[in-house]
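Visitor: how does the following fold in three dimensions:
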Amino acid sequence: MNVEPIRSEAMVRVSRGALRENIASILRGATDIAIDVRRDACGHGADLVAGVAHELGIRIFAEGDDPHGARSLAPLDAVYGLTGRGVPAMTLVAPVLSTKPLLQGEGVSYGYRFTAERDTRIALVSGGYAQGLVRAIGGTAEVLLNGARCRIVGRVAMDVHVVDLEGAEAAAGDEATLFGAADSQLLAAWAHATGMTELELAACVGLGVEREVVA
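Guide: Predicted structure coming up:
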């Protein structure tokens, strides 16, 4: 019997259906527009976004195009479903690598910026600043893990981060959602913590990890 190996890296899933729904909604309000797909469509995949735009009969504005000949460009928050405009097209997920108890007074991550106020259990989750997670989200943002919101604690490291399970169930191989359609407020918390826009944050991640296209 073949057993698939447990995934060990963070990745993004980009929904073709969400892109199509968002772009179709934009077209209902304006037709003489184009979609900017530069910078790999802000990490969503230029080929994917251009393909959806072509299916719907809308032009694109790509790398190398003459900026003076550009049509009115569609608002990118609306194209990608950010800031409450449409359906979030990108979802960032990452596997739990391990879990362990953390006793009252013990700390985690660089400099032990987080120390447990009570006995708890923590999870080491793949994904760090090398994959586009901004370090400022440590101690502020949350992940969705088996239906529970769990806070990221301590400093975000290069390739991993730590979450406080606070009673939630989790095991190695479980998938955490860092942001996406399942809970649009997760990315909003990143924006609040960092001072960056949701579009900037999504682009940082989308350009830094493996990407998968889903329905």
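
Visitor: backbone dihedrals for the spatially most central residue of the chain, please?
Guide: Centroid check for the chain by C-alpha atoms, centre = their mean gives residue 92 as the closest residue, at 3.6 Å. Here is the backbone geometry of residue 92 (degrees, to the nearest 10): phi -100, psi 120.

Visitor: how close does it get to residue 178?
Guide: Using C-beta to C-beta, to the nearest Å, residue 92 is found at 4 Å from residue 178. For the C-beta atoms, the positions are set from N, CA and C on the backbone; glycine is no exception.

Visitor: ok, then the element right after the lowest-mean-pLDDT helix or strand in the chain?
Guide: Using mean pLDDT, DSSP states H and E, the weakest-scoring helix or strand in the chain turns out to be strand 72-73, at a mean of 89. Past strand 72-73, further along toward the C-terminus, the next helix or strand under DSSP states H and E is helix 76-80.

Visitor: centre of the chain to that following helix, how far?
Guide: Going by C-alpha atoms, centre = their mean, to the nearest Å, the spacing between the C-alpha centre of helix 76-80 and its chain's C-alpha centre is 14 Å.

Visitor: contact partners of it?
Guide: Counting contacts by C-beta atoms under 8 Å, 6 or more residues apart in numbering, the residues outside helix 76-80 that touch it are 19, 22-23, 25-26, 35-36, 42, 44, 49, 82-83, 85-86, 88-90, 198-199, 202.
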